[in-house]
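# predicted model, plus sequence, below.
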Amino acid sequence: MAETVTLSGRTSPGPGLLASLDPLLREWLPRQRWFAGKGRPVTGFSLVAATELLPVDGTLGLYHLLVRAHQSPAPGDCYQLLIGVREALPPRLAPALIGHVEEGPLAGRTVYEALHDPRPAEVLLEALRTQAHIGGLRFERDPGQDIAPGLAPRLMTAEQSNSSVVYGDTFILKLLRRIVPGTNPDLELPLALALEGCARVPAPTAWLRAELAEEPYVLGVLQPFVRGATDGWELALRELRKGEDFGAEARALGRATAEVHVALARALPTTTLGRVQLDLLVTGMSERLDAAAQAVPALRPYAPGLRTAFSALADLAAEGHTWTAQRIHGDLHLGQCLRSPSGEWSLIDFEGEPSRPLAERRLPQPPVRDIAGMLRSFDYAAHSADPPAPGWAGRSRAAYCSGYAEVTGADPRTDPVLLRAYETDKAVYEVVYEARHRPDWLPVPLSAVRRLANPTT
Ligand SMILES: Nc1ncnc2c1ncn2[C@@H]1O[C@H](COP(=O)(O)OP(=O)(O)O)[C@@H](O)[C@H]1O
Ligand SMILES: O=P(O)(O)O[C@H]1O[C@H](CO)[C@@H](O[C@H]2O[C@H](CO)[C@@H](O)[C@H](O)[C@H]2O)[C@H](O)[C@H]1O
């Protein structure tokens, strides 16, 4: 059953479109890295919106679909799909195959993940360049930034929560996969930082939105591509392999994080977290720990020790301690930091932790939360090295905090209770993330869990 169907007006996809794709999507969707509902069966699909971008009666058809995958708990998540339609798939597109349609309006055709194909990817950039309105899709651009026509696209192959296409090493378009209504911080925060003149974050050039059932959806963001960049994770692993210290880079990263925090605090409202808010924060952390221990048995022996991190924070709140909260990155780790060949660091991916509700991701939070994320990341890098290098992690963590203090005047280590609570919350999140997505990596956050559960050992 269609919820809302938006058409380009050029041709109707026909009522049987989704029914004919259903058996193929059931098999293909759960295999995608960005599919958020892993481990729960997909029981069906409903069409939220369908827009024909290239006519499907031509040699290459293109549908933009928003499709809800029915899973428990209902109603299931909504995903953005770009479906190419051809008579037959050329061999170079074999990895993009979704399947051969047996019935319905596309019977006899082959459907595939269109982002692998240059022509559909070009259509998206051209629509952003010309600020097209197609069906319910709104391709919009910063009037102060131009997009040259004809930039060659290539789909990024990195492990991602979404899908990105690089155009001529000039722009990168991130198409969000799991779509939720509302203002998306991945567009909101970089736009606010650009207005603030913060050069640490690539300024959005253009974006794709949809208005569905009077709710706004952000579907994608185009931003300048940092050419020749190395991300912080790759760089850290490289230095670890060479036995090199990461202190200077970690310090620079601390400064970059602080600059972004200062700009966000200027650009968007801040608030004070008092007893009520801190109690809610502690409750949230405790509930996440309970849910994680339920989902991942290996976490259970450490749960009582981890809880002491949260009760210590509750104790401070009861004594009347308050903290300032502001908008933050929300999922900061080494992979979200790009170092340009000239040594400048940029921060990317302001979506927050994708599994949390959007409203929660947009709340002001103590900046220490981002710092805890980065500290966890140094630990991750050190534990992925062979042999593990805890001393390297300790030095990088210290240098990062010092760099942060150089800009803000406040060293995060002077706030150990809040820092330990957030590090614990993050490690718990990572345990669940790894159990779900990369079970081989589970020992990495579990080693931190052991340390955080026994802070004096
Ligand atoms: N502006 C940019 N310049 C260069 N590379 C980028 C840029 N933005 C993202 N990337 C690359 O794309 C990858 C995925 O981007 P990210 O925003 O983290 O997507 P996701 O939310 O899907 O994880 C990054 O790890 C980085 O390698
Ligand atoms: O980049 P994403 O928004 O998709 O973030 C998710 O995936 C990350 C892994 O790709 C995950 O990060 C964890 O692993 C990193 C090493 O691969 C490490 O640097 C991080 O510190 C660690 O949290 C992130 O948690 C998840 O949300």
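Thanks, I have it. Ligands and ions are numbered 1, 2, ... in the order given.

# pretty sure residue 25 sits against residue 67.
Yes. With contacts counted by Cβ atoms under 8 Å, residue 25 reaches residue 67, the gap being 7.1 Å. Quick note: C-beta positions are derived from backbone N, CA and C, even for glycine.

# shared neighbours of these two, which are they?
Counting by Cβ atoms under 8 Å, 6 or more residues apart in numbering, the contacts common to residue 25 and residue 67 are 45, 81.

# could you find the closest non-adjacent residue to the residue positioned nearest the centre of the chain?
For the chain, the residue whose C-alpha lies nearest the mean C-alpha position (Cα atoms, centre = their mean) is residue 351; its distance is 4.9 Å. Nearest residue to residue 351, sequence neighbours excluded (Cβ to Cβ, 6 or more residues apart in numbering): residue 186, at 4.2 Å.

# so that neighbour makes contact with residue 221?
Yes. Contact criterion Cβ under 8 Å: residue 186 and residue 221 qualify, at 5.9 Å.

# hey, what's in contact with both of the two?
residue 174.

# wait, residue 426 touches residue 372, no?
Yes. Counting by Cβ under 8 Å, residue 372 is a contact partner of residue 426 at 5.3 Å.

# which of those two has more neighbours?
residue 426 (26 against 23; other Cβ atoms under 10 Å).

# the strand or helix carrying the more buried one close to ligand 1?
Applying DSSP states H and E as the criterion places residue 426 in helix 416-437. No. Using Cβ under 6 Å from any ligand atom, helix 416-437 stays clear of ligand 1, coming no nearer than 11.8 Å.

# pLDDT (mean, whole number) over that helix?
Taken as a whole, helix 416-437 has an average pLDDT of 95.

# check whether that helix contacts ligand 2.
Yes. With Cβ under 6 Å from any ligand atom as the measure, helix 416-437 is seen reaching ligand 2 through 430, 433.

# buried residues in that helix?
Under the neighbour-count criterion of 16 or more other Cβ atoms under 10 Å, helix 416-437 has 417-435 buried.

# same question for stretch 402-417.
Those would be 402-405, 407-408, 412, 415, 417, for stretch 402-417 by 16+ other Cβ under 10 Å.

# quick check: residue 379 is in a helix.
Yes. If the criterion is DSSP: H, G, I helix; E, B strand; the rest coil, then residue 379 is within a helix.

# surely it touches residue 448?
Yes. In this structure, residue 379 is within contact of residue 448 by Cβ under 8 Å, at 5.5 Å.

# of the two, who's got more company?
More crowded of residue 379 and residue 448, by other Cβ under 10 Å: residue 379, with 25 against 22.

# please name the nearest non-neighbouring residue to the more buried one.
Per Cβ to Cβ, 6+ apart, closest to residue 379 is residue 393, 4.8 Å.

# please identify the helix or strand for the one you found.
helix 390-408.

# right, is the helix or strand hosting the residue nearest to residue 351 up against ligand 1?
Assigned by DSSP H and E, residue 186 belongs to helix 185-195. No. Helix 185-195 is not in contact with ligand 1 by Cβ under 6 Å from any ligand atom; minimum separation 7.3 Å.

# quick check: which helices or strands does that helix pack against?
strand 215-224, helix 247-267 (3 or more Cβ pairs under 8 Å, 6 or more residues apart in numbering; DSSP states H and E).

# okay, the ones you listed in TSV with mean neighbour count next?
Converted to TSV, these look like this (neighbours: other Cβ atoms under 10 Å):
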stretch	mean neighbour count
strand 215-224	21
helix 247-267	21
